[in-house]
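*Asks:* when you get a sec, could you give me coordinates for this:
(one chain, ligands or ions: 1)
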Amino acid sequence: MKIVISNDHVSVEMKKAILKHIQSRGHDCVDYGPSLSESVDYPIFAEQAARLIASGEFDQAILICGTGIGMMLAANKVHGVRAIVCSEPYSAKLAREHNNANVLCFGSRVIGVELAKLIVDTWLAAEFQGGRHATRVNMLESIAP
Ligand code: RB5
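*Replies:* A predicted model of the protein is given here:
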């Protein structure tokens, strides 16, 4: 599984910690976000990562901004992307199992690094269950923009 991670300027330290954590678990994770605290615009980084998911170049994205909300809103503009913002592991698990979400967003100003690691581990371990959930995800995908 190929994972892209990105962030904005308020989330540089969180991104570094999560990137290191994901790589230490043996996953292929590529960093597309800024590494400096100079102000940037989160929609640019969210769209870039979302297009890498929509093109099939990457399987999952992890996007971090202050709240995770801006990243989620921007990523969901790209067809084929199902981005969620999440502050606890239960929703991360169900978003994979039921919604086949492919972009996990969270807020570096909302949760701490250890909780973020737990959410990411849960997200990466969970698998889409298909069946009736596939029908519903297909319905989501067929909603006209
Ligand atoms: C940056 O100040 C902040 O707006 C951004 O990190 C994010 O929270 C937006 O949703």
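
*Asks:* can you list contacts of the host helix or strand of residue 114?
*Replies:* With the criterion set as DSSP states H and E, the secondary-structure element containing residue 114 is helix 113-125. Residues outside helix 113-125 that contact it (CB atoms under 8 Å, 6 or more residues apart in numbering) are 1, 3, 14, 17-18, 21-22, 25, 27, 60, 62, 64, 86-89, 92-93, 95-96, 104, 106, 108, 111. C-beta here means a position set from N, CA and C on the backbone, and glycine is covered the same way.

*Asks:* mind doing that once more with 6 Å?
*Replies:* Helix 113-125 is touched from outside by 17-18, 21, 89, 92-93, 104, 106, with contacts defined as CB atoms under 6 Å, 6 or more residues apart in numbering.

*Asks:* would you mind giving these as TSV with secondary structure added?
*Replies:* Below are the contacts of helix 113-125 laid out as TSV (DSSP: H, G, I helix; E, B strand; the rest coil):
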residue	secondary structure
17	helix
18	helix
21	helix
89	helix
92	helix
93	helix
104	strand
106	strand
